[in-house]
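>>> Quick one: sequence and predicted model below, then my questions.
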Amino acid sequence: MYQVLLADDEQSILDSMIHHFPWEKYGTRVAYTASTGKQAYDILVTTPPDIAVLDIRIPGYSGLELSRIISQNRLKTQIIIMSGYAEFSYAQKAIQYGVLGYCLKPVEYDELASLLLKAVHNLQHTRSTFTPDDFLDAIEDNDTEKISRYLEENHIVQDNYYLASSVSESALKLPGTLAFRVASSQYGYLSCVPYDRELLNQSLLSPDVQGIGLYPRPVDLHGFRSAFYKCTAMSYHFFLEPDRKLCSVYHDFSALPLMSQIQNAISFDEKGKLCDLLTQLKENEGYKMYSIHSARQLFNMIIANPRLAANSQDYFIHSHRQLTHDYASFRDMIDCLIQIINASPEEQAEETASQNNTYFLKIMKYINTYYNENITLKDVAKVVNLNPNYISQLFKKSAGTTFSHYLTSLRITNAKKMLTATDTSINDISMQTGFNDYFYFLKTFKKYTGNTPSEYRNAYYDKRG
């Protein structure tokens with residue numbers, strides 16, 4: 001049923017409308033009531049109802065002001081105004097804010113019923129425009145109700161679903177399958193029937209397709225989020241095993257015997273032993289059975305220890321895509337880790353102050369020009385022909401912050417501008433500002449601003465009035 005907010009400062013009117021009007025007959029129910037404009041406002045911005053029936057003269061925020069807020073925040077709430085004869089001109093003005101219509105007090109129930117039917121019709125149409133961004137947000141929040149709603153709108157209704165994912169420049173052509181873009185060069189797929197493995201293998205013949213992940217069994221809505229993330233990791237299996245681009249197995253590194261020894265070496269800062277163990281791991285064919293998620297965990301676990309990897313804060317890997325961009329393969333990643341562990345500050349080349357300044361200016365120019373691309377510390381190092389470790393130290397000394405933090409802050413700043421100055425979808429904004437993982441963008445944006453991108457955009461329009 002559609003949820004209704006009923007707002008009027010006269011309690012007798014609220015009671016009468018709640019108990020005497022047949023809300024359920026029209027597929028609705030009164031979920032919220034408010035006797036002041038402030039109460040109504042709080043409900044609208046925290047838990048937006050499907051329909052708002054507002055007294056135009058309610059104190060605090062008037063019905064007209066609340067209508068404006070709903071319109072400017074782009075809420076999908078349908079608005080019905082209750083008005084006395086004296087407020088008729090105000091009710092007419094509210095039409096510009098998308099108000100469906102008005103009921104003159106005392107409210108005629110036939111008139112209210114007619115407007116409710118119109119609101120329900122609009123909502124049914126609106127729900128058919130549930131966006132891919134909404135779907136990705138629902139996956140991130142593990143909101144099974146919204147996931148189900150999106151699937152229903154796309155005519156995929158079943159108890160269990162089959163999931164796949166691809167690292168590709170465009171979506172694979174899979175009959176009877178719902179495809180959705182997750183990030184730049186990353187797509188997810190959902191089907192009611194098992195995938196044709198032969199068709200998937202044919203897709204891998206395209207040079208645009210790097211890898212495909214196929215979840216091995218059907219999942220219900222409650223297991224959707226976990227299965228989707230694992231499936232995404234499987235599509236990057238080519239990083240661990242270049243000759244195997246179709247993967248349907250997900251395991252964790254922790255099951256590998258060497259991992260407990262590696263974790264101990266990290267904990268006790270044993271550089272020599274850790275390098276030996278990493279070399280063994282690289283030569284151990286067993287690692288090919290594990291996931292890119294585990295590889296990323298291993299990398300960041302070592303980088304996070306300043307006694308093992310001094311001045312390497314900027315090497316943190318935030319997404320699978322970044323890992324495959326920075327390193328050609330798992331073996332290449334291990335070689336880099338060993339190099340970082342063995343390096344010492346004394347081994348870094350010493351440069352004069354003037355040279356440092358010249359390098360720093362080149363670095364800043366490059367970052368500010370290409371922040372919206374998938375650039376990393378290694379890319380910057382190639383531009384100025386310096387060791388990445390040295391650049392990391394130089395940047396922190398000259399800018400007072402790490403390369404990673406500066407780049408992320410720059411991307412967030414530009415994302416904020418796009419959220420308030422354009423109607424661009426949040427997924428597109430994430431890609432146009434250099435974030436190659438939608439879910440990482442959501443988490444990072446909230447970390448830096450305290451709000452999700454949607455909340456930030458809505459708050460901006462609210463302040464503008």
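All right, it came through fine.
>>> where in the stretch 151-300 of the chain is pLDDT low?
Along the stretch 151-300 of the chain, segments meeting pLDDT under 70 span 253-256.
>>> List the contacts of stretch 169-185.
132, 135-136, 151, 154, 156, 164-168, 187-193, 195-196, 199-200, 203, 208-210, 212, 232, 319, 321, 374, 427, 430-431, 435-439 (C-beta atoms under 8 Å, 6 or more residues apart in numbering). The way it works is simple: take the backbone N, C-alpha and C, and place the C-beta from them, glycine included.
>>> Give me the subset of the residues you listed that lies in helices.
Counted as lying in helices by DSSP state H, out of the contacts of stretch 169-185, are 132, 135-136, 151, 199-200, 203, 232, 321, 427, 430-431, 438-439.
>>> Just the buried residues out of these, in ChimeraX syntax.
Of the ones in helices among the contacts of stretch 169-185, the buried ones can be selected in ChimeraX as follows, counting by 16 or more other C-beta atoms under 10 Å:
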select :132,135,136,151,200,203,232,321,427,430,431,438,439
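>>> Check the ones in helices among the contacts of stretch 169-185 against A459 and report the nearest one.
Using C-beta to C-beta, S430 comes nearest to A459 of the ones in helices among the contacts of stretch 169-185, at 18.6 Å.
>>> Might you report the residue contacts of that closest one?
Residues in contact with S430 (C-beta under 8 Å, 6+ apart) are 183, 415, 437-438, 441.
>>> close enough to count as contact, A295 and F239?
Yes. Taking contacts as C-beta atoms under 8 Å, A295 lies within contact range of F239: 6.8 Å.
>>> Now do the shared contacts for these two.
323, 330.
>>> Could you check how far N436 is from T324?
For N436, the distance to T324 equals 10 Å [C-beta to C-beta, to the nearest Å].
>>> and what of K146?
K146 is 30 Å from T324, by C-beta to C-beta.
>>> More neighbours: which of those two?
Legend: neighbour count by other C-beta atoms under 10 Å for K146 and T324, higher for T324 (21 against 16).
>>> Which residue is the nearest non-sequential neighbour of the more buried one?
F239 (5.2 Å; C-beta to C-beta, 6 or more residues apart in numbering).
>>> so how many other residues sit close to the one you found?
Other residues near F239 number 24, with proximity taken as other C-beta under 10 Å.
>>> so it sits right up against S329, yeah?
Yes. Using C-beta under 8 Å, F239 is in contact with S329, at 6.1 Å.
>>> In this structure A119 contacts I51, no?
Yes. Taking contacts as C-beta under 8 Å, A119 lies within contact range of I51: 5.0 Å.
>>> Now list whatever residues contact both of those two.
Listed contacts common to A119 and I51 are 2, 78, 80; contacts here mean C-beta under 8 Å, 6+ apart.
>>> from the chain's centre, how far out does the helix or strand encompassing the last one sit?
Same thing as I80. Applying DSSP states H and E as the criterion places I80 in strand 78-83. Averaging C-alpha positions (C-alpha atoms, centre = their mean, to the nearest Å) puts strand 78-83 34 Å from its chain's average.
>>> for stretch 435-446, same thing?
Here the centre of stretch 435-446 is set off from its chain's centre by 5 Å, with C-alpha atoms, centre = their mean.
>>> Show me which positions of that stretch end up buried.
Those would be 435-442, 444-445, for stretch 435-446 by 16+ other C-beta under 10 Å.
>>> Farthest pair within those?
N436 and F445 (14.3 Å).
>>> Domains in the protein, by residue range?
Under the assignment automatic domain parsing, the domains of the chain span 2-127, 132-241, 253-347, 353-464.
>>> Please convert the ones you listed to a markdown table, extending it with distance to C247.
Formatted as a markdown table, the domains of the chain follow (distance: least, C-beta to C-beta, whole Å):
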| stretch | distance to C247 |
| --- | --- |
| domain 2-127 | 36 |
| domain 132-241 | 4 |
| domain 253-347 | 9 |
| domain 353-464 | 19 |
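>>> now the strands for this structure?
2-7, 28-34, 51-55, 78-83, 101-104, 162-168, 177-183, 186-191, 209-214, 246-247 (DSSP state E).
>>> Could you tell me which strands sit next to the last one in the sheet, and their orientation?
Put plainly, it is strand 246-247. Note on strand 246-247: by DSSP bridges, its sheet partners are strand 209-214 (parallel).
>>> Residues contacting the strand it pairs with, please?
Outside of strand 209-214, the residues within contact range by C-beta under 8 Å, 6+ apart are 163-169, 172, 185, 195, 197, 200, 203-204, 230-238, 245-248, 324.
>>> got the CA positions of that strand in PDB?
Coordinates of each C-alpha in strand 209-214 appear next as PDB, following Å, rounded to 0.1, in the frame of the first residue of the first chain:
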ATOM      1  CA  VAL A 209      36.000  -8.600 -22.600                       C
ATOM      2  CA  GLN A 210      38.700  -9.200 -20.000                       C
ATOM      3  CA  GLY A 211      36.800 -11.600 -17.700                       C
ATOM      4  CA  ILE A 212      33.500 -13.000 -16.600                       C
ATOM      5  CA  GLY A 213      32.300 -14.100 -13.200                       C
ATOM      6  CA  LEU A 214      29.500 -16.600 -12.900                       C
END
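>>> Now do it against strand 162-168: the angle between them, please.
170 degrees (axes from the mean of the first three to the mean of the last three C-alpha atoms, to 10 degrees).
>>> how far is strand 209-214 from where the chain is centred?
With C-alpha atoms, centre = their mean, you get 21 Å for strand 209-214.
>>> and what of stretch 51-61?
From the chain centre to the centre of stretch 51-61 is a distance of 34 Å (C-alpha atoms, centre = their mean).
>>> so where's the stretch 1-150 of the chain uncertain?
Scanning the stretch 1-150 of the chain with the threshold set as pLDDT under 70 gives 74, 85-95, 126-130.
>>> Do a quick rundown of the helices in it.
For the stretch 1-150 of the chain, the helices defined by DSSP state H, counting those that start in this stretch occupy 11-20, 37-46, 63-72, 88-94, 109-127, 132-141, 144-153.
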